[in-house]
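> Give me the fold of what follows.
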Amino acid sequence: MRKWRKTAAIPAGIVLFFILGRMAIPGPVPGTELSMQFCVLAVLSDWLGSAAGGLIGLFGQLLLDLSTGGIIWSRTLPSALYGVLAGQLAGGLRMENGELSGKDVLVFIGFQLAAHAAAWFLAAPCLSILIDATPVSEAFRQGLFTGITHMITTVIIGTVLCLAVTTIWPGGSRMKRD
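Numbers count the residues shown, from 1 in each chain. Have a look, this model is predicted:
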């Protein structure tokens, strides 16, 4: 992808992350919510790369936090970390070539699960304990719930988005068979 297109895609990704985050549903564990912005962040990070994914996660979450009363760094920094880790797959998926094999889908899912685990099972609870003085059990309960819900939505909706992008991309509609 040309550099100017990537540069233009980052602000669009931030806005999309923000809009999807505003439509979140409060979760059953206090301080959590069910949201879809990480499905889109997964695809954008894989497509645009780690730096773009990190920026979209960071600034998208900053906008969300500012729109709801204040920045929560224990949520903002893990969102950026997730974008960076999810983007490590960049180039591994061949969405721009209109190709996506079954193996590519499994690699996508594996990377997303690992990125969510690092961001929400480890980074978010530790930051919540250190920055917000959240009790340890509450911080890890929130991180566990958030991570699991983000994993489920990303695996289902993120995979569908990858397949859709591959199909509609110019020259697409070539689902490879392994």
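
> in stretch 30-41, what's buried?
Buried residues in stretch 30-41, counted by 16 or more other Cβ atoms under 10 Å: 31-32, 34-41. Quick note: C-beta positions are derived from backbone N, CA and C, even for glycine.

> Kindly reformat those residues as a markdown table containing pLDDT.
Output for the buried residues of stretch 30-41, formatted as a markdown table (pLDDT from 0 to 100):
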| residue | pLDDT |
| --- | --- |
| G31 | 73 |
| T32 | 76 |
| L34 | 81 |
| S35 | 87 |
| M36 | 91 |
| Q37 | 94 |
| F38 | 94 |
| C39 | 92 |
| V40 | 93 |
| L41 | 94 |
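
> my guess is A123 meets T76, correct?
No: using Cβ atoms under 8 Å, A123 makes no contact with T76, being 10.9 Å away.

> Which secondary structure elements does the helix or strand of the chain with the lowest mean pLDDT sit against?
The weakest-scoring helix or strand in the chain, judged by mean pLDDT, DSSP states H and E, is strand 33-34 (a mean of 81). Packing partners of strand 33-34 (3 or more Cβ pairs under 8 Å, 6 or more residues apart in numbering; DSSP states H and E): strand 25-26.

> measure T167 to F38 for me?
From T167 across to F38, the span is 22 Å (Cβ to Cβ, to the nearest Å).

> er, S67 I mean
17 Å.

> Distance from stretch 55-72 to the middle of the chain?
Stretch 55-72 sits 14 Å away from the centroid of its parent chain (Cα atoms, centre = their mean, to the nearest Å).

> Poorly predicted segments of the protein, please.
Applying pLDDT under 70 to the chain flags residues 1-4, 89-92, 94-98, 169-178.

> What pairs with the least confident helix or strand of the chain, parallel or antiparallel?
With DSSP bridges as the test, strand 33-34 is paired with strand 25-26 (antiparallel).

> Just give me how far the strand it pairs with sits from the chain centre.
On the basis of Cα atoms, centre = their mean, strand 25-26 sits 18 Å off its chain's mean C-alpha point.

> coming back round to it: just name the closest of the buried residues of stretch 30-41 to A24, please.
Distance to A24 across the buried residues of stretch 30-41 (Cβ to Cβ) is lowest for S35, with 3.8 Å.
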